[in-house]
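**Q** how would this look folded up:
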Amino acid sequence: MRTVQRAAVVFGVVALWFPGAALVAQPRTAIPPQRGGPPSPETPYILVTAFHAPEKKLAVEAADELRDRLKSSYSARDLFVLTKTSVDGTLQASGYPVDSALSASDLMELARQMRGEYTTDAWIRKTGAGNAVHVDIRLLLRQGQQVIAQPLPAVDAKDVGDAARQIEKSIGDALKQIPMYKECVNAARAQKFEEAATKALAAIAAYPRAAWSRTCLLNAYAAITGVSPDSVIVVGKEVLAADSTSLTAVANVAEAYRQKSDTANMVDWMLRMYRLDKTNRRIIDQIVPILAQAAPDKGIQIIDDLLKDNPGDIGLTDTKWKLQGRASRWKDAMTTGDELVKLDPARATLDWYNRQIGLAQSDSNSAKVVEYATKAADKFPKDISFPTLLSQTHYRAKQFDKAMEASMRATAIDPKDSRAWIFAMAAAKDMNRPDSVLAIGLRALAAGADKAQVGQMMLSPAKTAFDKAQASKTRDDWKESLKMAELVDSIAPAAETKFFAGVSAFQVASDILKEVEPLTKNPKPKAADRTTMCALSKEADVYLTKTSMTLPQGGRVSPEFAQQVLGSLSGYNEFVTSVKGATCGPPPKP
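**A** Numbers count the residues shown, from 1 in each chain. The predicted structure follows:
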């Protein structure tokens, strides 16, 4: 791993590397009666005071038992236990009762006065019948300006003496980390962070519950790249168990969750970091962009807090506008966007208009879409997107004349852009102007618009004529349908136009032959009838030929119907041939 030769900065929070306080105890003038002779200058002192307890007698008894147990277990040269007499005397001189538990800060102040390195902070209560007790306890250690806690295993014991025995063993286990913990501290002071981490890990291996060493490890990890996010989370939470206000720990845990892509936890820890120091703009500037992606509503809350003290701040207003958009608060975002350009008219850029239009579209607010797009079209007259958007919006509102006007404005900006032509053709179609649809289509093709897209729109006049013929079933309407289909097909060939043409031609032929069929029943038709039958059969033959030429290519539009028509052609053709043969040649001799 690479060592970073500086204090780590995470979310703008500087990790402080163990300022100041020495861990070495100073020489004592009074030598207490503890085995092993007087303590050396390097001997650590431990302070034991009354436990937190419902009864003062129990609080004092538990402390006395633990103090005596420690004195009998440790040599004064290894761990010196501050005597009851000296502790009580100092408490009384400072105005504190000797039978009441102190707060953590008061404990550490008392330890400082008595040159103690460790102090106990314990809670005891009786459980069940007899003398059974339950104890929760931790050791406290001052490191620089910080008080670091080392929780010890909870104790369930038959009495206070048994509890003291178990606690003494737990303290001994916890102190196994101290040699390597001190080496971690010294390495970190020398900015040898990889070495510090190694020493901390060794301390944790010696004592797996080592909270003090985890504090040192977290500080080392804050300055080393490549560490596991899970490791940071674990040690960070251990640190916070001792000091819930540690901004460095919170920031590192938040960053670790970000690296793990654990969005929910990342957001929670970022908000916790913000609440610890709401005035730190460096924190805000770094977490708000992340919250914008992960939890925009949370980011908005932070910005609103800041705007209370900084009304009219353009940067904060801009951030709020974008966060509201990400949070799907469309109406609020439009309002904030309008406020932004009032504060700074230069903000009314192309991007601003596009964002406001997008917000209005998301809010299904067509009036606002038209408002923003109209202003943008005037401000940016060479941008085709705005008149095109106006055309679409007017079309959806069934304002076809306005849609046509906006579309033609767009075609003037870029004649090759097919979208504007298509909306113009659609508007003409819905205004029942098939001739205009064809005329606009021809102009679009001449301008170089996409033939496939425009051609598809040009089907509408043919489809309109075909639908009309289907409804009326008159020969004239079928002829008109055929004419329109052939015209459109000549401009933009498609399966649909061939289908319309083939079906229309067949319907015309069928209608003609219905006129012929009754005349064929006379075995000796008059000359005039022969002339009529000949002319009609020839006309029907032309339309049947059109059917056979176009319907196979358009049959995929309605395969079943096309197959039915094509299957009947042979019968129709035979009938036409027989009529033509009987009526178009010389008349039979009498």
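**Q** for this protein, what spans make up the strands?
**A** 9-10, 13-14, 45-47, 80-81, 118-126, 133-143, 146-151, 155-157 (DSSP state E).
**Q** Tell me which other helices or strands the top helix by length along the chain touches.
**A** Identified as the longest helix of the chain according to DSSP state H is helix 527-554. If contacts are counted by 3 or more CB pairs under 8 Å, 6 or more residues apart in numbering; DSSP states H and E, helix 527-554 sits against helix 495-516, helix 559-583. Yep, even glycine has a C-beta here, placed from its N, CA and C like the rest.
**Q** what's the closest of the strands of the chain to P461?
**A** Distance to P461, taken as CB to CB, is lowest for strand 9-10 among these, at 68.1 Å.
**Q** wait, I303 sits on D285?
**A** No - using CB atoms under 8 Å, I303 makes no contact with D285, being 11.4 Å away.
**Q** Those two: which is more packed in?
**A** Per other CB atoms under 10 Å, whichever of I303 and D285 has more neighbours is I303, with 25 against 13.
**Q** Could you pull up the residues touching the more buried one?
**A** Contacts for I303 (CB atoms under 8 Å, 6 or more residues apart in numbering) come out as V288, L316, T319, K320, L323.
**Q** wait, the first one sits on Q301?
**A** No - taking CB under 8 Å as the contact criterion, V288 and Q301 are not neighbours in contact, 10.6 Å apart.
**Q** Between these two, point out the one with more neighbours.
**A** V288 (23 against 15).
**Q** Would you check that A157 makes contact with A163?
**A** Yes - contact status for A157 versus A163: in contact at 3.8 Å, counting by CB under 8 Å.
**Q** intersection of neighbour lists for these two?
**A** Shared contacts of A157 and A163, counting by CB under 8 Å, 6+ apart, come down to V133, V135.
**Q** picking that back up, now distance to D467 and mean neighbour count too, for the helices and strands packed on helix 527-554, in JSON lines please.
**A** Shown next, in JSON lines, are the helices and strands packed on helix 527-554 (distance: least, CB to CB, whole Å; neighbours: other CB atoms under 10 Å):
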{"stretch": "helix 495-516", "distance to D467": "10", "mean neighbour count": "23"}
{"stretch": "helix 559-583", "distance to D467": "15", "mean neighbour count": "15"}
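**Q** Would you format these as JSON lines with mean pLDDT included?
**A** What follows is those, written out as JSON lines (pLDDT from 0 to 100):
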{"stretch": "helix 495-516", "mean pLDDT": "93"}
{"stretch": "helix 559-583", "mean pLDDT": "91"}
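**Q** Break this protein into its domains for me.
**A** If you go by automatic domain parsing, the domain ranges for the chain are 45-175, 474-583.
**Q** Which of those domains sits closest to L217?
**A** Once these are compared by CB to CB, domain 45-175 is nearest, at 12.2 Å.
**Q** how long is the closest one end to end?
**A** 12 Å (CA to CA, to the nearest Å).
**Q** Quick one: mean pLDDT for that domain?
**A** Across domain 45-175, pLDDT averages out at 93.
**Q** now swap in stretch 266-285 and tell me
**A** 81.
**Q** Buried ones in it, by neighbour count?
**A** 266-274, 276-277, 280, 283-284 (16 or more other CB atoms under 10 Å).
**Q** for the stretch 251-400 of the chain, which spans come out with low pLDDT?
**A** Within the stretch 251-400 of the chain, no stretch has pLDDT under 70.
**Q** how much space is there between the closest residue to Y395 other than its chain neighbours and Q361?
**A** Of all residues not flanking Y395 in the chain, A403 sits nearest, at 4.0 Å (CB to CB, 6 or more residues apart in numbering). To Q361, A403 is 16 Å away according to CB to CB, to the nearest Å.
**Q** returning to what we had before: so which of the contacts of I303 are in helices?
**A** Using DSSP H, the contacts of I303 in helices are V288, L316, T319, K320, L323.
**Q** Contacts only, for the third one.
**A** This points to T319. V288, A292, G299, I303.
**Q** T263 is in contact with I290, correct?
**A** No - using CB under 8 Å, I290 makes no contact with T263, being 9.5 Å away.
**Q** of those two, who's got more company?
**A** Comparing I290 with T263 by other CB under 10 Å, the one with more neighbours is I290, at 18 against 14.
**Q** Can you add distance to S537 and give the ones in helices among the contacts of I303 back as JSON lines?
**A** Formatted as JSON lines, these follow (distance: CB to CB, whole Å):
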{"residue": "V288", "distance to S537": "85"}
{"residue": "L316", "distance to S537": "86"}
{"residue": "T319", "distance to S537": "82"}
{"residue": "K320", "distance to S537": "81"}
{"residue": "L323", "distance to S537": "79"}
